[in-house]
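Participant: Dropping a prediction and its sequence here:
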Amino acid sequence: MKPTRRQLLYGSGAAALGAALSPFAWDAVKPKKPIPGAIVGANSAFGHRLREGAFPPPIDSGQHEVIIVGSGIAGLSAAYNLDKAGVTDIRLLELEDHSGGNAHSGHNAVSAYPWGAHYVPLLSSESGHIKELFRDFGIITGEDKGLPVYNEDYILNDPDERLFIDGRWQEGLLPTLGVTAEDQVQYKRFLAHMEAFKIERGRDGRRLFAIPIDESSADAETRALDRLTMKNWMLSAGYTSEPLHGFVDYGCRDDFGVRHDEISAYAGIHYFAGRDGKAANTAPDSVLTWPEGNGFLAHKLAAPLSNRIISGALVYSVRETSGGVTVDYWDGHTSRRLTARAVIMAAPRFIAGRLMPELAAPGFTYAPWVVANLTLDKLPEGRGADLAWDNVIKDSPTLGYVVATHQIPQMQPLRTVITYYWPLTHAAPAEARKEALARSYEDWQRLFLSELYRVHPELVGQVRHMDVWLWGHAMIRPVPGFIWGEPRQAALKQTPPVFTAHSDMSGISIFEEAYTHGLKAAQAVRAFLA
């Protein structure tokens, strides 16, 4: 059995946020003047205006059938599906100057690049509704013997991954140095354990771990895993290998922004066992990706809706009235009021609860992240394995980097953009968020360049531009008790004429979950309007 990307990530993840080169080493390589760039998002200053309140009286700005608050993947999904069904009098109100949420992307003269989510694995057996979308977008081009045929341009090219360990790169992410025979035994047993979970079904006939997550079995013993941490479950199952704990910890930080000693065991196992996708023209462990990451999907969803998305709109009040629902927003200059027959709250629950107190939900916590895009005048090198799409660095506080130009169908370019991902798991979310917001661009430049130059000394002087994006509330944290606990179950209940749609309603922030909640909200709104 060939280990996959999700199975072989290795790293302690224990280094603190400030981990970098020594001051002496940094002084030797730091640029003579700061590299051009900035902290470019998200618009926290505009968003924090909501706390201040005291908005001017709104002026009446029209009436529509449906208003959607938020244009991340869930909001775009709701609008896209309503539009396809003939409900076209829609307005999406978006705080930022762009749609897409944490699937946002950017571009420059070298390449497009992601600012958040950057791939989708092959769709699971429960995701038939998303297969229809992928056919619409040309991602699935046909079918062969009952299996989907995926567009070859979107299937991740080789080499897909490499690991930096003990001063050199190796192909794949399973470390070969310093691993004992016992470590290898535990790796094999753990991977087999996850494969068994992947196909096992409960008494109700459903897979124990499915995507969407609410299609999973209601098996009580399996759901009880939600009350443990992933680390404690591993120890109770006899998994004591330090490298094994390292790669599981990395995986949890990678998908959830939560360490394996803090995350629900149900969520941690779901990371490995939830996906059972197959294809006629590629291996089951393949992933789909684009230079701009999941921004490709966000742009496709937004394209038919562009004239109905109002950006720079800070919604500050949503109220039910005798005539439907009123939504008040501030555009930076003027307060405006829209009225609708139905509203879909496609904002994260901590925002939705501020706009409508009855939507406030306890127990919803969010992981802060920092993402940096660095434009390079030359490709990264290094001893050992060739440059890959995903480049993981053992014992780094970051998750390593992906290469935006990896999927460009041409001769390998000389210049590129690399995207560094950094989940801030070194402290409690509120503390890490406060610390991140207090750092200057120069602070972040030093931290990211120190990490880069430690691994790639050949890139000193080759970084031409660097931008940083702070995600204060990047994704929901599936801590123990959250996925199958009462707060999330209560959040799934719809209360017309106000509906909700967001990936935090699943406890797992992935494209499939966000799209599904948007689709379900659209279906519920159509039934309500009929």
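Facilitator: Okay, I see it. Source: prediction; values computed, not measured.
Participant: show me the contacts for P413.
Facilitator: Applying Cβ atoms under 8 Å, 6 or more residues apart in numbering, we find P413 in contact with V110, S111, L379, T405. The C-beta positions use only the backbone N, C-alpha and C, and glycine is treated the same way.
Participant: TSV for these, including neighbour count?
Facilitator: Shown next, in TSV, are the contacts of P413 (neighbours: other Cβ atoms under 10 Å):
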residue	neighbour count
V110	20
S111	22
L379	19
T405	21
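Participant: Select from the residues you listed every entry located in helices.
Facilitator: Per DSSP state H, helices hold no members of the contacts of P413.
Participant: and which of those residues is nearest T339?
Facilitator: Closest approach between the contacts of P413 and T339, by Cβ to Cβ: S111, at 43.1 Å.
Participant: quick revisit: quick one: the contacts of P413 as a markdown table, columns for pLDDT and distance to E431 too.
Facilitator: Putting the contacts of P413 into a markdown table (pLDDT from 0 to 100; distance: Cβ to Cβ, whole Å) gives the following:
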| residue | pLDDT | distance to E431 |
| --- | --- | --- |
| V110 | 94 | 36 |
| S111 | 94 | 35 |
| L379 | 94 | 37 |
| T405 | 94 | 36 |
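Participant: how about the strands in the stretch 401-530 of the chain?
Facilitator: Residue ranges of the strands in the stretch 401-530 of the chain, as given by DSSP state E, counting those that start in this stretch, are 401-403, 416-423, 463-476, 498-500.
Participant: do the same with the stretch 1-150 of the chain
Facilitator: Counting by DSSP E, counting those that start in this stretch, the strands of the stretch 1-150 of the chain are 39-41, 59-69, 90-94, 105-107, 112-114, 120-121, 140-144, 147-150.
Participant: repeat for the stretch 151-300 of the chain
Facilitator: Along the stretch 151-300 of the chain, the stretches classed as strands by DSSP E, counting those that start in this stretch are 161-165, 168-171, 287-288.
Participant: what bits of the stretch 351-500 of the chain have low per-residue confidence?
Facilitator: 409-412 (pLDDT under 70).
Participant: can you pull out the helices in it?
Facilitator: In the stretch 351-500 of the chain, the helices defined using DSSP state H, counting those that start in this stretch lie at 429-438, 441-455, 486-491.
Participant: What residues of the first one count as buried?
Facilitator: If I follow you right, that is helix 429-438. Within helix 429-438, the residues that qualify as buried by neighbour count (16 or more other Cβ atoms under 10 Å) are P429, A432, R433, A436.
Participant: what do you get for the second one?
Facilitator: Within helix 441-455, the residues that count as buried by 16+ other Cβ under 10 Å are 441, 444-455.
Participant: Pairing partners for the nearest residue to P148 once chain neighbours are set aside in the sheet, please.
Facilitator: On the basis of Cβ to Cβ, 6 or more residues apart in numbering, the spatially nearest residue to P148 that is not a chain neighbour turns out to be I140, at 4.6 Å. In this entry, I140 is beta-bridged to Y150, by DSSP bridges.
Participant: Hmm, Y154 and I140 touching each other?
Facilitator: No - under the criterion of Cβ atoms under 8 Å, I140 is not in contact with Y154, lying 9.6 Å apart.
Participant: For the most far-flung residue of the chain relative to its centre, report the pLDDT, please.
Facilitator: Note on the chain: the largest C-alpha distance from the chain mean falls to S322, namely 38.4 Å (Cα atoms, centre = their mean). Reading off the per-residue confidence, S322 sits at a pLDDT of 87.
Participant: quick one: it and S61, what's the gap?
Facilitator: Using Cβ to Cβ, to the nearest Å, one gets 19 Å for the distance from S322 to S61.
Participant: do the same with K378
Facilitator: According to Cβ to Cβ, K378 stands 51 Å off from S61.
Participant: Any stretches of the protein with poor pLDDT?
Facilitator: 1-25, 42-48, 409-412.
Participant: Give the full set of residues in contact with the residue positioned nearest the centre of it.
Facilitator: For the chain, A117 is the residue whose C-alpha lies nearest the centre (Cα atoms, centre = their mean; 4.2 Å). A117 makes contacts with N102, A103, G293, N294, I510, F511, as judged by Cβ under 8 Å, 6+ apart.
Participant: Could you double-check that the fourth one lies in contact with P121?
Facilitator: If I follow you right, that is N294. No - shown here, N294 and P121 do not form a contact pair, counting by Cβ under 8 Å, at 11.9 Å.
Participant: between those two, who's got more neighbours?
Facilitator: Here N294 and P121 are set side by side on neighbour count (other Cβ atoms under 10 Å), and the busier one is N294, at 27 against 23.
Participant: so who does the more buried one touch?
Facilitator: I73, G100, A103, S105, P114, G116, A117, H118, Y119, V120, F511.
Participant: Dump those residues to JSON lines, plus distance to Y150.
Facilitator: As requested, those are arranged in JSON lines below (distance: Cβ to Cβ, whole Å):
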{"residue": "I73", "distance to Y150": "20"}
{"residue": "G100", "distance to Y150": "22"}
{"residue": "A103", "distance to Y150": "19"}
{"residue": "S105", "distance to Y150": "21"}
{"residue": "P114", "distance to Y150": "19"}
{"residue": "G116", "distance to Y150": "22"}
{"residue": "A117", "distance to Y150": "18"}
{"residue": "H118", "distance to Y150": "17"}
{"residue": "Y119", "distance to Y150": "13"}
{"residue": "V120", "distance to Y150": "11"}
{"residue": "F511", "distance to Y150": "15"}
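Participant: Looking at those, state which has the most neighbours.
Facilitator: Scoring the contacts of N294 on neighbours with other Cβ under 10 Å, the highest-scoring entry is I73 at 33 neighbours.
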